[in-house]
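In: Below are the sequence and a predicted model; questions follow.
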Amino acid sequence: MTFIKTRVTSFAMFLVLAVVFPGFLYSQPVPVPQGAKCVECGMTVDQNSKFAGEVITRDNKNLFFCDIGDMLLHFRANREKMKDIYVRDYTTGEWVDGRKAFYVLNKNLKTPMSWSIAAFIEESAAKKWGNPVDFDSAFKLLR
C-alpha cells in the first residue's frame, strides 16, 4: 500500500509542476530582452530581427544571438550544453523550433553578422530563397 501511495504522490507532484511551471515539461522561447547581447559576438540583439536566435541550455538559461550564423557557431562548440533551439521564421517572424526549421544561405540576405542565413518553417518558402537544408546540415553553411 505504501508503494501505491508513493506513486500517487509522485504523480500528483508531477502534475502540479506541469501546471504551475509549464517550462518544467518543455521550454518556450522568451521575448528578446531590451539590450540583450549576443552570446557569440557581443552585439546587441535586435528584438524584432528575423535573424535572431535563442538557445535554452540544459540548466534553463536563455542565450540570445543576433544572427543565426552566430547561434550555429556557438551551438557547434557547446552542443552538449544546449537543450532547445529557436529561430525566427523569415516569412512570418514567428519563433519556431530550430531543429524543425529549414535553413538557406543566400548572399542577398543582409544579416547582422553577414552570415546570410535565414530560417523557415516551411520548406516550400525556403526553396524560394535557395537550397534548404535541415538543422543538422545547417552547420555546413558556416564558412
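Out: Happy to help now that I have it.
In: G93 reaches F51, doesn't it?
Out: No. With the criterion set as C-beta atoms under 8 Å, G93 and F51 do not qualify as a contacting pair; they are 10.4 Å apart. Placement of C-beta: from N, CA and C, glycine included.
In: higher neighbour count, those two?
Out: Shown here are G93 and F51; by other C-beta atoms under 10 Å, F51 has more neighbours (26 against 11).
In: dump the residue contacts of that one.
Out: In this structure, F51 makes contact with 66-68, 88, 109, 111-112, 115, 117-118, judged by C-beta atoms under 8 Å, 6 or more residues apart in numbering.
In: who wins for most neighbours among the residues you listed?
Out: In terms of neighbours by other C-beta under 10 Å, those top out with I68 at 32 neighbours.
In: on that earlier part again, let me know the closest of the contacts of F51 to V133.
Out: Of all the contacts of F51, V133 sits closest to I117, with 9.8 Å by C-beta to C-beta.
In: excluding its backbone neighbours, what's nearest that closest one?
Out: Counting by C-beta to C-beta, 6 or more residues apart in numbering, I117 lies nearest to I68, which is 4.6 Å off, once chain neighbours are set aside.
In: Report the central residue of the protein.
Out: Within the chain, the residue whose C-alpha comes closest to the C-alpha centroid is Y86; the distance, by C-alpha atoms, centre = their mean, is 1.8 Å.
In: Low-confidence stretches in this protein?
Out: Segments of the chain classed as low confidence (criterion: pLDDT under 70) are 1-27.
In: Quick check: the residue nearest to the centre of the chain touching D97?
Out: Yes. Under the criterion of C-beta under 8 Å, Y86 lies in contact with D97, with a separation of 6.7 Å.
In: ends of stretch 96-111, how far apart?
Out: Stretch 96-111 has its terminal residues 18 Å apart, counting by C-alpha to C-alpha, to the nearest Å.
In: hmm, I was thinking of stretch 30-47
Out: Using C-alpha to C-alpha, the span of stretch 30-47 from its first residue to its last is 11 Å.
In: For it, buried residues please.
Out: By neighbour count with 16 or more other C-beta atoms under 10 Å, stretch 30-47 contains the buried residues 32, 36, 38-41, 45.
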